[in-house]
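Engineer: coordinates only, sequence not included:
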């Protein structure tokens with residue numbers, strides 16, 4: 001029997017295709033990275049719990065996460081960690097209980113009671129002969145503990161920290177018919193075959209060999225959200241491995257685990273996971289730019305390391321500018337505060353990473369004082385200036401003054417000459433100033 005266990009269950013509420021809006025104030029902004037994580041690895045407790053929770057949600061496709069933690073003694077409680085992680089996941093509702101005989105202080109989002117596991121508990125029991133296929137058990141063991149797959153259980157992950165080993169396992173499932181589809185990037189003949197297989201009652205394994213992660217995982221994740229799509233599984237081999245054959249133990253052992261996503265990379269089976277970025281460290285760098293790390297939070301404005309600009313590789317219309325001053329415009333404030341989205345400015349995903357800063361003043365490579373406008377990233381140590389929107393700064397102006405000119409003057413010229421087609425000898429009144437402007 002496991003030393004300490006967390007029994008994980010999800011309800012029968014199905015996830016439909018309803019659009020989900022992430023509302024400001026309900027979710028905390030956070031930064032993540034997306035990377036491959038082997039199923040057997042050394043990880044810190046926070047990261048390994050995040051990986052395991054994502055694997056459980058990925059395989060269950062449910063919206064209610066019900067779990068009971070059986071606690072003995074004064075060991076660190078995992079349920080608060082689970083609760084915090086589920087706060088980052090939209091539409092998933094946690095229902096967490098700690099079962100213990102130890103007196104504990106109240107824990108936000110977690111019930112504490114002397115929980116008794118019975119068939120009427122509406123949980124997936126820890127007793128393996130009662131554990132349903134979509135349930136998981138997470139056991140905490142000594143570092144030296146060794147376990148292997150048994151006839152009635154399958155090991156999903158095995159992660160080790162400096163103090164303990166955590167093993168996630170599930171009950172073995174009955175073998176059913178499985179159909180296989182190889183996804184190729186040079187033709188689409190497999191698509192109609194996949195459509196027909198998904199309509200059948202059989203499990204469907206979509207696989208790719210000797211390739212990078214070029215959309216196969218996303219395809220399977222989308223299919224699994226469709227009605228009946230839960231039976232679609234993904235196998236992606238990114239290393240040199242034997243041709244896919246379910247009769248080979250290399251593939252057969254992994255297939256019997258019946259997991260949604262199976263990636264073979266760097267000599268190990270694993271999955272791609274969203275992990276929190278580590279705390280950013282201050283570094284000395286040649287080029288940096290200013291941006292908010294969390295849209296809507298102006299206090300998150302900071303300098304970020306950028307890729308050095310190679311002047312020799314710039315297009316003919318681009319000029320390297322050593323930036324001295326940048327100006328903040330109304331658009332910058334609206335973007336940084338989250339009042340307008342990046343999609344309203346551009347559909348280019350790379351450009352959307354940083355859209356703040358559109359005017360500047362500095363020196364070009366010949367030492368000339370110039371001012372100009374660009375699409376984005378003008379709040380930076382170096383700027384890729386556009387020669388079509390670059391002007392020499394008059395000698396009577398400071399660079400600080402010049403940085404405030406390009407956008408305002410260009411806006412006025414656009415309004416007068418392009419938007420309304422101002423004719424010669426026309427007069428424009430400016431009532432607030434009590435003056436008029438004439439075009440000759």
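Structural biologist: Arrived safely. All values reported here derive from a predicted model rather than from experimental measurement.
Engineer: domain map for the protein?
Structural biologist: Domain assignment of the chain by automatic domain parsing yields the ranges 4-14+27-171, 178-255, 288-404.
Engineer: relative to residue 268, which of these is closest?
Structural biologist: When these are ranked by distance to residue 268, counting by C-beta to C-beta, first place goes to domain 4-14+27-171 at 3.9 Å. For every residue, glycine as well, the C-beta is placed using N, CA and C.
Engineer: beta partners for residue 270?
Structural biologist: residue 38, residue 263 (DSSP bridges).
Engineer: dihedrals phi and psi, the residue located most distally from the centre of the chain?
Structural biologist: In terms of distance from the mean C-alpha position of the chain, residue 425 ranks first, at 57.2 Å (C-alpha atoms, centre = their mean). Torsion angles at residue 425 (phi, psi; degrees, to the nearest 10) stand at phi 70, psi 10.
Engineer: and the gap between it and residue 62?
Structural biologist: Separation of residue 425 from residue 62 (C-beta to C-beta, to the nearest Å) stands at 73 Å.
Engineer: which residues does residue 51 contact?
Structural biologist: 37, 43, 157, 159, 271, 273, 275 (C-beta atoms under 8 Å, 6 or more residues apart in numbering).
Engineer: sorry, slip of the keys, the one I care about is residue 235.
Structural biologist: Contacts of residue 235 (C-beta under 8 Å, 6+ apart): 205, 206, 207, 208, 244, 251, 254, 255, 262, 264.
Engineer: the second one sits in which helix or strand?
Structural biologist: Put plainly, it is residue 206. Here residue 206 sits within strand 203-209, counting by DSSP states H and E.
Engineer: identify all contacting residues around the following helix or strand past that strand.
Structural biologist: Scanning forward in sequence from strand 203-209 by DSSP H and E, the next helix or strand is helix 216-225. By C-beta under 8 Å, 6+ apart, the residues outside helix 216-225 that reach it are 15, 17, 58, 61, 183, 198, 206, 208, 229-230, 232-234, 236, 260-261, 263, 272.
Engineer: again with stretch 278-297
Structural biologist: 24, 29-31, 298, 300-309, 326, 335-338, 353-354, 356-357, 377, 379-382.
Engineer: which of those residues are buried, as a ChimeraX select command?
Structural biologist: Buried subset of these, written as a ChimeraX selection, criterion 16 or more other C-beta atoms under 10 Å:
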select :306,309,326,335,336,338,354,356,357,377,379,380,381,382
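Engineer: show only the entries of the contacts of stretch 278-297 found in strands.
Structural biologist: Counting by DSSP state E, the part of the contacts of stretch 278-297 found in strands is 301, 302, 303, 304, 305, 326, 382.
Engineer: what's the closest of these to residue 394?
Structural biologist: Nearest to residue 394 among the ones in strands among the contacts of stretch 278-297: residue 326, at 19.1 Å, using C-beta to C-beta.
Engineer: my read: that closest one touches residue 378, true?
Structural biologist: Yes: counting by C-beta atoms under 8 Å, residue 326 does reach residue 378; the two are 4.9 Å apart.
Engineer: identify the contacts common to these two.
Structural biologist: Common neighbours of residue 326 and residue 378, using C-beta under 8 Å, 6+ apart, are 357, 359, 360.
Engineer: save those residues as a markdown table, and put in distance to residue 76 and pLDDT too.
Structural biologist: Formatted as a markdown table, these follow (distance: C-beta to C-beta, whole Å; pLDDT from 0 to 100):
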| residue | distance to residue 76 | pLDDT |
| --- | --- | --- |
| 357 | 45 | 94 |
| 359 | 52 | 96 |
| 360 | 51 | 97 |
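Engineer: quick one: contacts for residue 372?
Structural biologist: Residue 372 sits next to 321, 359, 360, 361, 383, 385, 386, 389, 390, 391, 406 when contact means C-beta under 8 Å, 6+ apart.
Engineer: list the backbone torsions phi and psi for residue 258.
Structural biologist: Backbone geometry at residue 258, expressed as degrees, to the nearest 10, gives phi 60, psi 50.
Engineer: distance check, the closest residue in space to it that isn't next to it in sequence against residue 152.
Structural biologist: What sits nearest to residue 258 in space, not counting adjacent residues and going by C-beta to C-beta, 6 or more residues apart in numbering, is residue 173, at 5.2 Å. Between residue 173 and residue 152 the distance is 10 Å, computed by C-beta to C-beta.
Engineer: so the two - more neighbours on which side?
Structural biologist: Neighbours were counted for residue 173 and for residue 152 using other C-beta atoms under 10 Å; residue 173 has more, 14 against 10.
Engineer: centre of the chain to the longest helix seen in the chain, how far?
Structural biologist: Across the chain, the longest stretch assigned as helix under DSSP state H is helix 45-60. Remark: helix 45-60 is offset 14 Å from the chain centroid, using C-alpha atoms, centre = their mean, to the nearest Å.
Engineer: what residues sit buried inside that helix?
Structural biologist: For helix 45-60, using 16+ other C-beta under 10 Å, the buried residues are 45, 47-57, 59-60.
Engineer: got a markdown table for those residues, with pLDDT and distance to residue 316 too?
Structural biologist: Formatted as a markdown table, these follow (pLDDT from 0 to 100; distance: C-beta to C-beta, whole Å):
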| residue | pLDDT | distance to residue 316 |
| --- | --- | --- |
| 45 | 92 | 54 |
| 47 | 93 | 47 |
| 48 | 94 | 51 |
| 49 | 93 | 53 |
| 50 | 94 | 47 |
| 51 | 96 | 48 |
| 52 | 94 | 53 |
| 53 | 93 | 51 |
| 54 | 94 | 47 |
| 55 | 95 | 50 |
| 56 | 92 | 54 |
| 57 | 92 | 50 |
| 59 | 92 | 53 |
| 60 | 88 | 55 |
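Engineer: any weak-confidence spans in the protein?
Structural biologist: Filtered on pLDDT under 70, the chain yields the residue ranges 1-30, 73-74, 115-133, 148-149, 213, 280, 429-440.
Engineer: please enumerate the helices of this structure.
Structural biologist: Under DSSP H, the chain gives helices at 45-60, 79-86, 189-199, 216-225, 249-255, 330-336, 349-352, 399-402, 406-413.
Engineer: most tightly packed of the ones you listed?
Structural biologist: helix 45-60 (a mean of 20; mean count of other C-beta atoms under 10 Å).
Engineer: okay, angle between it and helix 216-225 too, please.
Structural biologist: 50 degrees (axes from the mean of the first three to the mean of the last three C-alpha atoms, to 10 degrees).
Engineer: tell me what angle helix 45-60 forms with helix 79-86.
Structural biologist: Using the same axes, to 10 degrees: helix 45-60 against helix 79-86 is 60 degrees.
Engineer: mind listing what residue 95 touches?
Structural biologist: Per C-beta under 8 Å, 6+ apart, neighbours of residue 95: 11, 64, 65, 66, 67.
Engineer: neighbours of the residue lying closest to residue 101 once chain neighbours are set aside, how many?
Structural biologist: Spatially, and ignoring its direct neighbours in sequence, residue 101 is nearest to residue 114 (6.3 Å; C-beta to C-beta, 6+ apart). Residue crowding around residue 114 was assessed by other C-beta under 10 Å; the count is 8.
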